[in-house]
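**Student:** structure, please.
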Amino acid sequence: MSEPEGTPPPEGATQRLPVVDRQEPENGDGTDRSESPATPGPESEGGRVGRFWSARRVPAGIVALLLLGLAGLFLYDIVSVRAGRPGMGWRRELARQLAERPLDDTWVLVGAGVAALLGLWLLILAVTPGLRDVLPMRRTHTDVRAGLHRDAAATALRDRAMEVAGVQSARVRVRRRRANVRAVAHFRELDDVRTDLDAVLADAVRGLGLSRTPSPSVRVRRPGRKG
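**Tutor:** Numbering: from 1, shown residues only. Alright, predicted model coming up:
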């Protein structure tokens, strides 16, 4: 038997309390798991993350267009010969040159060298990931992968370097293994500025969250004299 809503329960009856459905279960100490930081994955503790692979659209498109054009020319020449017409002059000349020239001829060696270099370039593009400007970041979740552009990382480190007292200007270049910082200090001792920069940049580099933390290389100098 149901009671209408809003009717107070009879005296002595047990009143049901509302149930709150939590998104995440509580930890053993009673704290909500959703308020605690995400548990780092195995790769966030120094595990290596592979680089991003480039789609190689431009080299693949160039090679495909060249092969398509070359195949079209040969197909057109074969159809012309089958129809009773003479073949193209360039193909007859090429066949004659290949038949008459020795293998140690200069032009034969040059053509073979160009073909070998082109093949080697295509092989390197096929086995290397590319996208050197994107630095892989640590993966805290297995289904999420992130990367940081070199220019963005350099800008973040430069902003942190400019916060150090005495730094007038700074240039930062970030590579995979090293972050080169060139600072100009217009006051304070250079050793003091360099020490502060080392501490600040070491913390800033760790804060970038990269899978391979680059080691900062700091150089400090005085501004040049004008005139």
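**Student:** excluding chain neighbours, what is closest to Gly166?
**Tutor:** Arg188 (3.5 Å; CB to CB, 6 or more residues apart in numbering). No exception for glycine: its C-beta is placed from N, CA and C like everyone else's.
**Student:** so who does the spatially most central residue of the chain touch?
**Tutor:** By CA atoms, centre = their mean, the chain has its centre lying nearest to Val134, at 2.0 Å. Residues near Val134 by CB atoms under 8 Å, 6 or more residues apart in numbering: 51-52, 147-150.
**Student:** in the sheet, who's paired with it?
**Tutor:** Beta-bridge partners for Val134, by DSSP bridges, are His149.
**Student:** look up how far Val205 lies from it.
**Tutor:** Separation of Val134 from Val205 (CB to CB, to the nearest Å): 17 Å.
**Student:** now stretch 156-175: average pLDDT?
**Tutor:** Mean pLDDT, stretch 156-175: 94.
**Student:** pull out the buried positions in that stretch.
**Tutor:** For stretch 156-175, burial by neighbour count (16 or more other CB atoms under 10 Å) applies to 156-158, 160-161, 164, 166-167, 170, 172-174.
**Student:** what's the answer for stretch 190-203, then?
**Tutor:** Neighbour-count burial for stretch 190-203 flags 193-194, 196-197, 200-201 (criterion: 16+ other CB under 10 Å).
**Student:** show me which of the residues you listed is closest to Leu68.
**Tutor:** Leu201 (51.0 Å; CB to CB).
**Student:** wait, what's in contact with the closest one?
**Tutor:** With contacts defined as CB under 8 Å, 6+ apart, Leu201 is in contact with 157, 160-161, 179, 181, 216, 218.
**Student:** okay, these in a markdown table with distance to Leu125 and secondary structure next?
**Tutor:** Formatted as a markdown table, the contacts of Leu201 follow (distance: CB to CB, whole Å; DSSP: H, G, I helix; E, B strand; the rest coil):
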| residue | distance to Leu125 | secondary structure |
| --- | --- | --- |
| Leu157 | 31 | helix |
| Arg160 | 36 | helix |
| Ala161 | 36 | helix |
| Ala179 | 28 | strand |
| Val181 | 32 | strand |
| Pro216 | 32 | strand |
| Val218 | 36 | strand |
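**Student:** Arg219: how many residues sit nearby?
**Tutor:** Arg219 is flanked by 13 other residues according to other CB atoms under 10 Å.
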